[in-house]
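Asker: What shape does this take:
(chains A and B)
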2 protein chains.
Amino acid sequence: MSDAVGILAIVGLGLIGGSLARALRERGAVQRVIGCGYREPSLRRGLELGVIDEFTLDLDEALDRADTLVLCTPTLTASDVLEKILPRLSGGAGPLVTDVASVKGSLYRTAVAAAGVMPPRLVLGHPIAGSERSGVDASRADLFVNHRVILTPVEDNDPDAVARVRAMWELTGAEVVEMSVAQHDAVLAATSHLPHVLAYALVDALAAAPDSDEVFRCAAGGFRDFTRIASSDPVMWRDIALANREALLGAIDRFADHLQQLRDAVDAGDAEGMHETFTRAKNARDAFADILADREKG
Amino acid sequence: MSDAVGILAIVGLGLIGGSLARALRERGAVQRVIGCGYREPSLRRGLELGVIDEFTLDLDEALDRADTLVLCTPTLTASDVLEKILPRLSGGAGPLVTDVASVKGSLYRTAVAAAGVMPPRLVLGHPIAGSERSGVDASRADLFVNHRVILTPVEDNDPDAVARVRAMWELTGAEVVEMSVAQHDAVLAATSHLPHVLAYALVDALAAAPDSDEVFRCAAGGFRDFTRIASSDPVMWRDIALANREALLGAIDRFADHLQQLRDAVDAGDAEGMHETFTRAKNARDAFADILADREKG
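Answerer: All right, here's what the predicted structure looks like:
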């Protein structure tokens, strides 16, 4: 089993990278884990926790030694790191490389702009898993169990490289699916990036009211759940919005159309129209809750 | 203590009415509780559970015998019931009457349209408490503890009646505040009715996509929390949207302006603008979470 991943380099040791290392270790699927990054304290912490075996601040060293390298930095940093390592990956050279960033189009464009084609052993991916907590201290071996990992292979990719990245994620207990770069970015814009923008916009609209203190004091549990994601990291979400600009604009516009239709129904006192929309949405939401419940049963 | 509320009639015995009866019983603040409604099964169930002492399907009987009558039916039904009982309340006649509906303006207009003025002993109110569960089986004596109850007294109200309704809610452990009818409806539109409309609109927009199954399968925990309220009862929310039309339209429009500003920032790649908005929203949301945490500590 230890040949599956070989020597694993995790670039950016936080919740996701740490959890991947823990999961693969637990399955005996790695020979050795090298942490790599520019923040020595989290790397030292990873060593203390036994998540990694050693660390380096030198990206070239990680590239030289790793069989598999996973970019686990935030979205925009992943583009920067990718630019640095691309020259080492051309023509199928270097280790197997994948990533975990929330947007795939920006990385794909970075790769193709710099290298002309997608390096055959660079397979872009995205585990749909997270936690309110962040950092290597929050990492857990079971973070990906029954969660989806989306891979977005392209024609230039080596099928063996895609199969290896898939096998790595399957070892963590994840369900691996493939889609196109554009489909991934559209789906994530709709289910994740747009809801964050809506939650931020709602809380900001309320906070702008002259009596905002009183307004928040009258809010209840439904509001708490609805706005929880507005407590997310502003830098991370600014970067995701920058990286997934086009798909996010499309999702905002489709949502704004639906909101306008509902507004018209409210304005017209169209009881039947509202009831239809609310019922359709409730049925879809209840079906989604069933999917999640099944996933949690495993 | 048993003089505080006297004989209590609960019209519409569900989660809220049942919880009010339980809370006041537990404090020894009621002489007797009469359940009233047109659905005999839930009244029988209330009797079995010991939430009420007796029931009647005859509203006039409840009016004749009660010292305090609380309308606990859904929003639009409350208007209908109010119309029926208004002739009995003119000039300060009849029992002390209050309600729990989510919208106050529609009831106020009903009262004034029928009676010319607000009956002095009809004091409108709204406890900001609820649960995913509904019905008298879900009722609990502590439902209102540390929750807000908003009263919306008007000039025509008898100050003694307002004080009595306040005292009744304080006995349940609630924090009672007063605001105008218009302010209540604007605050609830912003913190509750608008979020429900947004959640319904989002889920409906996603469900309309050709690949909606796949889309929902890629959604994660943030989406679950954000859309939980889209599983709410479509009839109840249709009625609230009808009853609070004007305030809800205002809230939708203010939100749409904020969303448009954020859309412009995404479109322009305005990193600073997005970061500012997201940070302002995160700070407001974190402060709100602190308010809720304090409330839960009691």
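
Asker: The residue in the stretch 1-150 of chain A that chain B sits nearest to: what's it in contact with?
Answerer: Closest contact between the stretch 1-150 of chain A and chain B, by Cβ to the nearest Cβ, is at A:I128 (5.0 Å). Placement of C-beta: from N, CA and C, glycine included. Applying Cβ atoms under 8 Å, 6 or more residues apart in numbering or on different chains, we find A:I128 in contact with A:H147, A:R148, A:V149, A:I150, B:C218, B:A219, B:A220.

Asker: Distance check, the last one against A:Y200.
Answerer: I take that to be B:A220. Separation of B:A220 from A:Y200 (Cβ to Cβ, to the nearest Å): 18 Å.

Asker: who's more crowded, those two?
Answerer: Neighbours per residue (other Cβ atoms under 10 Å in any protein chain shown) separate B:A220 from A:Y200, with A:Y200 holding more: 30 against 18.

Asker: secondary structure element for that one?
Answerer: helix A:194-207 (DSSP states H and E).

Asker: Report the distance from the helix or strand where A:T277 lies to the chain centre.
Answerer: Assigned by DSSP H and E, A:T277 falls within helix A:271-297. Remark: helix A:271-297 is offset 25 Å from the chain centroid, using Cα atoms, centre = their mean, to the nearest Å.

Asker: Tell me the buried residues in that helix?
Answerer: A:273-275, A:277-285, A:288-289, A:292 (16 or more other Cβ atoms under 10 Å in any protein chain shown).

Asker: So which elements touch that helix?
Answerer: On a contact count with 3 or more Cβ pairs under 8 Å, 6 or more residues apart in numbering or on different chains; DSSP states H and E, helix A:271-297 meets helix A:245-268, helix B:194-207, helix B:212-217, helix B:221-227, helix B:234-243.

Asker: Looking at the ones you listed, which is nearest to B:G116?
Answerer: Closest approach to B:G116 among the helices and strands packed on helix A:271-297 (Cβ to Cβ): helix B:234-243, 21.4 Å.

Asker: which residues sit against that closest one?
Answerer: With Cβ under 8 Å, 6+ apart, helix B:234-243 has contacts from A:266, A:269, A:271, A:274-275, A:278-279, A:282, B:74-76, B:79, B:101-103, B:105-106, B:193, B:196-197, B:200, B:248.

Asker: Could you rerun that using 6 Å?
Answerer: Contact with helix B:234-243 is made by A:266, A:269, A:271, A:274-275, A:278-279, A:282, B:74-76, B:102-103, B:106, B:193, B:196, B:248, as judged by Cβ atoms under 6 Å, 6 or more residues apart in numbering or on different chains.

Asker: Same check on stretch A:45-54?
Answerer: Contacts to stretch A:45-54, defined as Cβ under 6 Å, 6+ apart, come from residues A:L13, A:G18, A:A21, A:R22, A:R32, A:V33, A:I34, A:G35, A:V136.

Asker: What sits closest to the second one if chain neighbours are left out?
Answerer: Okay, so that is A:G18. Nearest non-adjacent residue to A:G18, counting by Cβ to Cβ, 6 or more residues apart in numbering or on different chains: A:S139, 2.8 Å away.

Asker: Could I get the phi/psi values of that neighbour?
Answerer: A:S139 adopts backbone torsions of phi -70, psi 150, taken as degrees, to the nearest 10.

Asker: How many residues are close by the residue lying closest to A:A287 once chain neighbours are set aside?
Answerer: Counting by Cβ to Cβ, 6+ apart, B:F216 is the residue found nearest to A:A287 once chain neighbours are left out, at 7.2 Å. Residues within reach of B:F216, counting by other Cβ under 10 Å, total 24.

Asker: same thing with A:M236?
Answerer: A:M236, neighbours per other Cβ under 10 Å, totals 16.

Asker: With A:E61 instead?
Answerer: By other Cβ under 10 Å, neighbour count at A:E61 equals 13.

Asker: which bits of the stretch 1-150 of chain A sit near chain B?
Answerer: Residues of the stretch 1-150 of chain A lying close to chain B (Cβ under 6 Å from any Cβ of the partner chain) are A:I128, A:R148.

Asker: Local confidence estimate at the residue most central in space within chain A?
Answerer: Nearest residue to the geometric centre of chain A (Cα atoms, centre = their mean): A:S102, 3.5 Å. A:S102 is assigned a predicted lDDT (pLDDT) of 95.

Asker: Assign it to one of the three secondary structure states.
Answerer: coil (DSSP: H, G, I helix; E, B strand; the rest coil).

Asker: A:T98 pairs with what?
Answerer: Counting by DSSP bridges, A:T98 is bridged to A:V70, A:V123.

Asker: A:T110 against A:K84, yeah?
Answerer: No - using Cβ atoms under 6 Å, A:T110 makes no contact with A:K84, being 10.7 Å away.

Asker: The two - which one has more neighbours?
Answerer: More neighbours surround A:T110 than the other of A:T110 and A:K84, with 18 against 12 (other Cβ under 10 Å).

Asker: Which residue comes closest to that one once chain neighbours are left out?
Answerer: Spatial nearest neighbour of A:T110, chain neighbours left out: A:S79 (4.7 Å); criterion: Cβ to Cβ, 6+ apart.

Asker: Just the pLDDT for that neighbour.
Answerer: Per-residue confidence at A:S79 stands at 94 (pLDDT).

Asker: Would you mind listing the residues in contact with it?
Answerer: A:S106, A:L107, A:T110.

Asker: mind checking how far the residue nearest to the centre of chain A is from A:V177?
Answerer: For A:S102, the distance to A:V177 - Cβ to Cβ - is 16 Å.

Asker: so what are the domain limits for chain A?
Answerer: A:6-179, A:184-297 (automatic domain parsing).

Asker: and the ones you listed as JSON lines, adding distance to B:S90?
Answerer: Listed next are the domains of chain A as JSON lines, based on distance: least, Cβ to Cβ, whole Å:
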{"stretch": "domain A:6-179", "distance to B:S90": "55"}
{"stretch": "domain A:184-297", "distance to B:S90": "29"}
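
Asker: where are the low-confidence patches of chain A?
Answerer: Within chain A, the stretches with pLDDT under 70 are A:1-3, A:132, A:298.

Asker: how distant is the helix or strand hosting A:A163 from the center of its chain?
Answerer: If you go by DSSP H and E, A:A163 is part of helix A:159-171. Taking Cα atoms, centre = their mean, one finds helix A:159-171 lying 18 Å from the centre of the chain it belongs to.
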